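1. predicted structure and sequence below. I'll ask about it afterward.
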Amino acid sequence: MNSVLRVNGGRPLVGEIAVRGAKNFVSKAMVASVLGSSPSLLRNVPQVRDVEVVSGLLSIHGVAVDYDRDAGTLRMDPSAVDTARLADIDAHAGSSRIPILFCGPLLHRLGEAFIPDLGGCQIGDRPINYHLDILREFGAKVEKFTDTGIHITAPNGLHGMKYRLSYPSVGATEQLLLTAVRAEGKTELSNAAIEPEIMDLIAVLQKMGALISVDTDRVIRIEGVDELVGFTHTSLCDRIEVASWGAAALATGGDVTVRGASQPEMMTFLNTFRKVGGAFDISDDAIRFYHPGGALNSIVLETDVHPGFMTDWQQPLVVALTQANGLSIVHETVYENRLGFTDALRAMGAQIQVYRECLGGLPCRFGQRNFFHSAVISGPTALHARDITVPDLRGGFSHLIAALAADGVSNVRGISLINRGYENFVGKLHALGADVEMRTT
Ligand code: EPU
């Protein structure tokens, strides 16, 4: 059964919605619960598919999961952690990128880990070489056991080590943290990722009894401990979802208040939003994003690791940039293939040219290679309705924003991909006055 969202666009999004916890933190905290000797409680959990996938992975490993979707609470009891059946692991192949993070916790608890082939959005090659390299440095043995997965063992235990990431990868930093906290001895990670979701994971691990320090120069030091206990924690807000609704408000000429949004994680986005000509008001538990009238400004934008402009904010904002006066330049430096979504925007009337060259000054791994990772957007251009098939999570939400901004009726297919990261987005669109209707074909 395929779901199609019929979008009658061309009207501003106006109203108030609420955003809960960050998918890219909650899923990692769920994995951390495996390390505890007692149950953990996570609050502010969004009802998105990635949470269901990780709940499933926990369950097949013997973790008792009690998930109250409406309350947004997850209770995880890892006291009976056990090896999962291969058939159950295989059933999770291609579902998400989170399974690779189970390696350290399962090695500590069981001495071995079977990891299904990973899924996630096709926004680049997305290798796992850093993850496997880190696990080997801790003393793990990694072997590919079938076409669909990896088998990892730690015959001599896991031991602290020094590691330098050649790029501050979020997932690799999390891999190292989740393994080092119970490894024997000290571990040092240089050039670590320091995204807010990682800081919240470190907060969780500290609550569990871990010893972790973070220096200002991207160096993280961990002293392994013998036992960790369960945690109680409230997730930080989903800064990607908050920015997505902000970009949607701007692109449609609307006015959207996002409850649950918190300013510190949004600072870089808010600066850029203001430069483009968007306006915002900040209160204790909400950010109101609105188009103040008049023309929007073109900008030069480069995505980067935190505290830079995050790659996941790029796609929604590009839709708003199609409505800005003049030439905007976007240089994507985190993923080599995150501009493919612009094809659909072009088909809707946007003027966007993509380039292999680096159109920016940040160090970039994709410059001398064959990747269309820079874009020039010329605006403003009217957007016209089109039938669209969603390519990936963030690109898909961007297509949805374009359909909402465009005159006429667009049919957006494959929108189940958007459920991976946006809780009840159709309900929220209704709350914002959008003329949308879900159809099943
Ligand atoms: N990389 C490697 N080797 C590795 C790991 C990463 O070369 O072993 C490269 C990647 O190919 C990429 C870069 O390093 O070019 C950065 O990847 P990173 O590891 O930082 O990303 P990730 O952990 O796979 C998480 C989020 C992404 C988000 C990025 C960057 C989750 C589940 N995913 O991915 O979120 O874009 O960090 O902030 O936390 C999304 O939510 O839609 C999403 C894609």
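-> Nice, thanks for sending it over. Keep in mind it's a predicted model, so treat the numbers as computed, not measured.

2. helices or strands up against the helix or strand where W245 lies?
-> Element membership of W245, judged by DSSP states H and E, is helix 239-251. Helix 239-251 makes packing contacts with strand 255-259, helix 267-276, strand 286-290, helix 311-321, helix 393-405 when contacts are defined by 3 or more C-beta pairs under 8 Å, 6 or more residues apart in numbering; DSSP states H and E. Using the backbone N, CA and C atoms, a C-beta is placed for each residue, glycine as well.

3. what's around the residue in the stretch 101-250 of the chain that the ligand sits nearest to, how many residues?
-> Residue nearest to the ligand within the stretch 101-250 of the chain (C-beta to the nearest ligand atom): G171, separated by 2.8 Å. G171 sits with 21 neighbouring residues when counted by other C-beta atoms under 10 Å.

4. returning to that earlier point: want to throw the helices and strands packed on helix 239-251 into CSV with mean neighbour count?
-> Formatted as CSV, these follow (neighbours: other C-beta atoms under 10 Å):
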stretch, mean neighbour count
strand 255-259, 22
helix 267-276, 17
strand 286-290, 22
helix 311-321, 27
helix 393-405, 28
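
5. can you lay out the ones you listed as JSON lines showing distance to the ligand?
-> Supplementary listing: the helices and strands packed on helix 239-251 in JSON lines, determined by distance: least, C-beta to the nearest ligand atom, whole Å:
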{"stretch": "strand 255-259", "distance to the ligand": "17"}
{"stretch": "helix 267-276", "distance to the ligand": "12"}
{"stretch": "strand 286-290", "distance to the ligand": "20"}
{"stretch": "helix 311-321", "distance to the ligand": "5"}
{"stretch": "helix 393-405", "distance to the ligand": "4"}
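
6. tell me which of these lies nearest to V436.
-> Of all the helices and strands packed on helix 239-251, it is helix 393-405 that lies closest to V436, at 7.9 Å by C-beta to C-beta.

7. mean confidence for that closest one?
-> Mean per-residue pLDDT for helix 393-405: 96.

8. just checking, what packs against it?
-> strand 3-9, helix 239-251, helix 311-321, helix 342-347, strand 388-389, strand 408-413, helix 425-431.

9. just send the ones you listed back as a markdown table, with mean pLDDT and distance to E437 too.
-> Converted to a markdown table, those look like this (pLDDT from 0 to 100; distance: least, C-beta to C-beta, whole Å):
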| stretch | mean pLDDT | distance to E437 |
| --- | --- | --- |
| strand 3-9 | 95 | 5 |
| helix 239-251 | 98 | 18 |
| helix 311-321 | 98 | 21 |
| helix 342-347 | 97 | 20 |
| strand 388-389 | 94 | 16 |
| strand 408-413 | 96 | 10 |
| helix 425-431 | 97 | 9 |
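
10. for these, give me JSON lines that also has distance to V19.
-> What follows is those, written out as JSON lines (distance: least, C-beta to C-beta, whole Å):
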{"stretch": "strand 3-9", "distance to V19": "20"}
{"stretch": "helix 239-251", "distance to V19": "5"}
{"stretch": "helix 311-321", "distance to V19": "14"}
{"stretch": "helix 342-347", "distance to V19": "24"}
{"stretch": "strand 388-389", "distance to V19": "24"}
{"stretch": "strand 408-413", "distance to V19": "21"}
{"stretch": "helix 425-431", "distance to V19": "9"}
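
11. closest to S298 out of those?
-> helix 311-321 (6.9 Å).

12. any idea how far R182 is from the residue of the stretch 101-250 of the chain closest to the ligand?
-> Using C-beta to C-beta, to the nearest Å, we find G171 at a distance of 19 Å from R182.

13. which ones are touching the residue lying closest to P105 once chain neighbours are set aside?
-> Leaving aside its sequence neighbours, P105 sits nearest to V34 (C-beta to C-beta, 6 or more residues apart in numbering; 3.9 Å). With contact taken as C-beta atoms under 8 Å, 6 or more residues apart in numbering, V34 is in contact with L58, H61, V63, P78, V81, F102, P105, L106, R109.

14. same question, S38
-> By C-beta under 8 Å, 6+ apart, the neighbours of S38 are S79, V229, G230.

15. tell me the first helix or strand C-terminal of the helix or strand of the chain with the lowest mean pLDDT.
-> Lowest by mean pLDDT, DSSP states H and E among the helices and strands of the chain is strand 141-146, with a mean of 78. Proceeding N to C from strand 141-146, the next assigned helix or strand is strand 149-153, under DSSP H and E.

16. wondering if the helix or strand following that next one reaches the ligand at all.
-> Per DSSP H and E, the first helix or strand lying C-terminal to strand 149-153 is strand 162-164. No. Judged by C-beta under 6 Å from any ligand atom, strand 162-164 stays clear of the ligand, getting no closer than 12.2 Å.

17. parallel or antiparallel, list what pairs with strand 162-164.
-> According to DSSP bridges, strand 162-164 forms sheet pairs with strand 186-190 (parallel).

18. now the partner strand: average pLDDT?
-> In the prediction, strand 186-190 has an average pLDDT of 98.

19. still on that earlier bit, next step: the contacts of S38 restricted to strands.
-> Using DSSP state E, the subset of the contacts of S38 located in strands is empty.

20. now render the residues you listed as TSV, adding neighbour count.
-> Below are the contacts of S38 laid out as TSV (neighbours: other C-beta under 10 Å):
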residue	neighbour count
S79	12
V229	13
G230	22
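
21. and which of those residues is nearest E437?
-> The closest of those, once distances to E437 are taken by C-beta to C-beta, is G230, at 43.5 Å.

22. correct me, but the closest one touches A32?
-> No. Using C-beta atoms under 8 Å, G230 makes no contact with A32, being 9.8 Å away.

23. on that earlier part again, which one of the helices and strands packed on helix 393-405 lies closest to S166?
-> Nearest of the helices and strands packed on helix 393-405 (C-beta to C-beta): helix 311-321, 17.7 Å.

24. which other helices and strands contact that closest one?
-> So helix 311-321, by 3+ C-beta pairs under 8 Å, 6+ apart, packs with helix 239-251, helix 267-276, strand 324-331, helix 342-347, strand 374-379, helix 393-405.
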